[in-house]
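S.K.: here's my sequence, what's the structure:
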Amino acid sequence: MNSTGNYWTQLTDTKFGRRAALRGAALSGAGLAATSLIACRTGGTATTGGSAASGAPQASGGTPKTGGTFNTAIDKGPEGWDPHHSVAAQTANFFSYVGGRMFRFRTGRDAKAKEDTDIESDLALSGESPDGQTWTFKLRPNTKFHNVPPVNGHAVEAEDVKATFQRALAPAAATRASLNMIDPEQIQTPAPDTVVFKLKNPYAEFRYMMASTKFAWILPREANAGSYDPLKTPIGSGPFVFDNYVPDSAVSYKRNPDYWEKSIPYLDGARVVIMPERSAQEAQFTTGALGDIRAPVADLETLKKNVPSASAVSFPPSHPLLGFYQLGDSSGPFTDIRVRRAVSMAIDRDALNKVIWNGAASDTEFYVPLNMGRWSLPLKEVDPSVQQYYKFDLAEAKKLIDAAGGSSLNVKLAFYTPDADEKIKTAQAIFNMLKALPWQINLVQADYAKDWLGSGKGVRYGALAKDTLAFSSTDGLTTVDDFLYGYFYSTSPTNIVRVKDTQLDGMLDKARGIVNDDDRLKAYKDIQKYLIDKQYELSAIPAGNNTNLVWPWVQGYHCNIIEDNGRMACSGVWLTKT
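M.R.: Residues are numbered from 1 along each chain as shown. Below you'll find the model as predicted:
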């Protein structure tokens, strides 16, 4: 039965209106908030090889022009500025203007760079290891932190790197789960330009971890010493210096005159307007007040007609859409695998693709996004006996719910706003599908900052009611281990579902210690197969490309796969009109 039209009607009636490189695709419009700023970078030398699909760079307008301010919009303001005490996308987005890391993912103006997800030098010139356990990094000379108190522009040195990761591993740090291969007592600084990490176990992905847009930002040592509060004051070594923040209005940055890449940024500054309403963003883009905008599928053609000269930059998805269960409380309904399987089988994924994405959704994503390339497990590699639970079969789903308690089950589906239009519509459509099951289910609209993040105490960190299916997406992370270990290891603070599975823990511990790429790949594929069978989260939800429209007077607007997740500062952008 083709039920697409019925789901659409119900939705609109709802009241809540890598051998050594990562391969694949980028920013998921459904995975992050409806932000528009794209990573724009230049220069550097790649240290590893690899390629991936990417949004095409905008055509260059000739010799870069200096001056002017680039204006973009985002739907949520910063929850804070501390990249180690929050894994929220907004924190990385806003800090990325001012921050520097040991490595970064390549972007550039040439055709090869736009398809390349190699890492390149940022603050570190090199990172080498003979065994995957002892890593030596050499720092770039002549790099400085911003010339603001109490740092006052001092050089970036090994002691800053050491202090950064000791701070990132502190008990209160949200980043400690992803970095727990580091022994903070075994970080050595034999010279100002040399830092040595002796890890707890071999970890072949460590250099890529040093390029993470989530937790690898290098802070001045004064942050760890308590000389200033990074939650309130963003200080880094990046191309822009924090200027001011007007709550619920805008964040402004100004050019860093001491940035190590002397030719950039070309801009005098950048301004991120906080604008929750899509209609307001679109009106501002149409008039030219904004240089770019993220264009949801439903609005894309209208925006193209309104600004026919705009260039379109598209990205395949990289943030799987997921439904999170509370599995840490044995009395919760979702601890019964029959309930989880029923939820999955009651969802008509083909209808979601047609209704939300105009039939253009990506291949199946489970827990590891498609931008992980060969590390991401496609449905065809899943055992057929498990594949059946990801196919629409309402009759069988009803039988499973009946067997698990049926009408005695009373649950909620929560989604969080503000967020991307497609993600909200997907949550509402899934709710309408799940209403067909013989249970009681209610739709709940919750606040992203207050309820999902909760300053480190919200649903994102495991504070999920046992009767609630929370619909959201993964963070923009860097490696396959980042996703699997961070989301599912029993002691991880970002284990949203609070699953405690000793077999899974053992599989993850083993995979992290495998240096050989092929063996490590098999181990992580086996972990994904195990998770897909257990259905610890609702997965395989369709997600389509993300598209940004850019005015022609915005030049040097380039993108790569991973950097866009962190909205790396637009140091390569220039404006032909100011």
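S.K.: which is the succeeding secondary structure element to the helix or strand of the chain with the lowest mean pLDDT?
M.R.: Every helix and strand in the chain was compared by mean pLDDT, DSSP states H and E; the lowest is helix 111-114, with a mean of 42. Along the chain past helix 111-114, the next helix or strand (assigned with DSSP states H and E) turns out to be strand 119-121.
S.K.: pLDDT (mean, whole number) over that next one?
M.R.: What strand 119-121 shows for mean pLDDT is 86.
S.K.: then stretch 469-485 to PDB, C-alphas only?
M.R.: The C-alpha trace of stretch 469-485 is given here as PDB (Å, rounded to 0.1, in the frame of the first residue of the first chain):
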ATOM      1  CA  LEU A 469      11.900   7.900  22.200                       C
ATOM      2  CA  ALA A 470      14.100  11.000  21.600                       C
ATOM      3  CA  PHE A 471      14.500  11.800  17.900                       C
ATOM      4  CA  SER A 472      17.700  13.700  16.900                       C
ATOM      5  CA  SER A 473      21.000  12.900  15.200                       C
ATOM      6  CA  THR A 474      24.600  12.200  15.900                       C
ATOM      7  CA  ASP A 475      27.200  14.800  16.500                       C
ATOM      8  CA  GLY A 476      29.700  15.800  13.800                       C
ATOM      9  CA  LEU A 477      32.600  13.500  14.800                       C
ATOM     10  CA  THR A 478      35.900  12.500  13.200                       C
ATOM     11  CA  THR A 479      36.500   8.700  13.300                       C
ATOM     12  CA  VAL A 480      34.400   5.500  13.300                       C
ATOM     13  CA  ASP A 481      35.500   4.900  16.900                       C
ATOM     14  CA  ASP A 482      34.400   8.400  17.800                       C
ATOM     15  CA  PHE A 483      30.800   7.400  17.000                       C
ATOM     16  CA  LEU A 484      30.800   3.800  18.300                       C
ATOM     17  CA  TYR A 485      32.800   4.200  21.500                       C
END
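S.K.: ok now that stretch, how far from the chain's centre?
M.R.: Its chain's C-alpha centre and that of stretch 469-485 lie 8 Å apart, by Cα atoms, centre = their mean, to the nearest Å.
S.K.: repeat for stretch 492-501
M.R.: Computed by Cα atoms, centre = their mean, the chain-centroid distance of stretch 492-501 equals 18 Å.
S.K.: ditto for stretch 169-185
M.R.: In terms of Cα atoms, centre = their mean, the centre of stretch 169-185 is found 19 Å from the chain centre.
S.K.: same question, stretch 430-445
M.R.: 28 Å.
S.K.: likewise for stretch 478-486?
M.R.: Remark: stretch 478-486 is offset 11 Å from the chain centroid, using Cα atoms, centre = their mean.
S.K.: swap in stretch 80-88?
M.R.: Once both centres are worked out by Cα atoms, centre = their mean, stretch 80-88 turns out to sit 13 Å from its chain's centre.
S.K.: got a list of contacts for that stretch?
M.R.: Contact with stretch 80-88 is made by 79, 91-92, 94-95, 99, 164, 167-168, 170, 172-175, 214-215, 217, 219, 230-234, 242, 453, 455-456, 460, 475, 494, as judged by Cβ atoms under 8 Å, 6 or more residues apart in numbering. For every residue, glycine as well, the C-beta is placed using N, CA and C.
S.K.: restricted to strands, list those.
M.R.: Counted as lying in strands by DSSP state E, out of the contacts of stretch 80-88, are Phe242.
S.K.: assign Asp482 to helix, strand or coil.
M.R.: Here Asp482 is recorded as helix under DSSP: H, G, I helix; E, B strand; the rest coil.
S.K.: grab the nearest non-local neighbour of it.
M.R.: Sequence neighbours aside, Ser178 is the residue nearest to Asp482 in space, at 5.5 Å (criterion: Cβ to Cβ, 6 or more residues apart in numbering).
S.K.: sorry, back to before: just the contacts of stretch 80-88: which are in helices?
M.R.: Counting by DSSP state H, these place 91-92, 94-95, 164, 167-168 in helices.
S.K.: hang on, the earlier thing: quick one, what contacts the residue nearest to Asp482?
M.R.: Applying Cβ under 8 Å, 6+ apart, one finds that Ser178 lies in contact with 209, 212, 214-215, 477, 482, 485-486, 494.
S.K.: tell me the mean pLDDT over stretch 470-480?
M.R.: Here the average pLDDT along stretch 470-480 is 86.
S.K.: one step back: where's the residue nearest to Asp482 relative to Ala172, distance?
M.R.: Remark: distance between Ser178 and Ala172 (Cβ to Cβ, to the nearest Å) = 15 Å.
S.K.: please enumerate the helices of the stretch 401-550 of the chain.
M.R.: 421-434, 480-488, 502-512, 517-534 (DSSP state H, counting those that start in this stretch).
S.K.: adding mean neighbour count and distance to Arg255, write these out as JSON lines.
M.R.: Converted to JSON lines, the helices of the stretch 401-550 of the chain look like this (neighbours: other Cβ atoms under 10 Å; distance: least, Cβ to Cβ, whole Å):
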{"stretch": "helix 421-434", "mean neighbour count": "24", "distance to Arg255": "33"}
{"stretch": "helix 480-488", "mean neighbour count": "25", "distance to Arg255": "32"}
{"stretch": "helix 502-512", "mean neighbour count": "16", "distance to Arg255": "41"}
{"stretch": "helix 517-534", "mean neighbour count": "18", "distance to Arg255": "41"}
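S.K.: how about those helices in a markdown table, adding distance to Leu464?
M.R.: Below are the helices of the stretch 401-550 of the chain laid out as a markdown table (distance: least, Cβ to Cβ, whole Å):
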| stretch | distance to Leu464 |
| --- | --- |
| helix 421-434 | 15 |
| helix 480-488 | 13 |
| helix 502-512 | 19 |
| helix 517-534 | 17 |
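S.K.: so in terms of bridging, what pairs with Val241?
M.R.: Lys254 (DSSP bridges).
S.K.: mind listing what it touches?
M.R.: When contacts are counted by Cβ under 8 Å, 6+ apart, Val241 touches 98, 146-148, 253-256.
S.K.: low-confidence stretches in the stretch 101-250 of the chain?
M.R.: Scanning the stretch 101-250 of the chain for pLDDT under 70 picks out the ranges 107-118.
S.K.: same thing with the stretch 401-550 of the chain?
M.R.: Judged by pLDDT under 70, no stretch of the stretch 401-550 of the chain qualifies at all.
S.K.: if we go to 80?
M.R.: 455-456, 476-478, 545-546 (pLDDT under 80).
S.K.: about what we covered before: among the helices of the stretch 401-550 of the chain, which is nearest Asp336?
M.R.: For Asp336, the closest of the helices of the stretch 401-550 of the chain is helix 517-534, at 12.2 Å, according to Cβ to Cβ.
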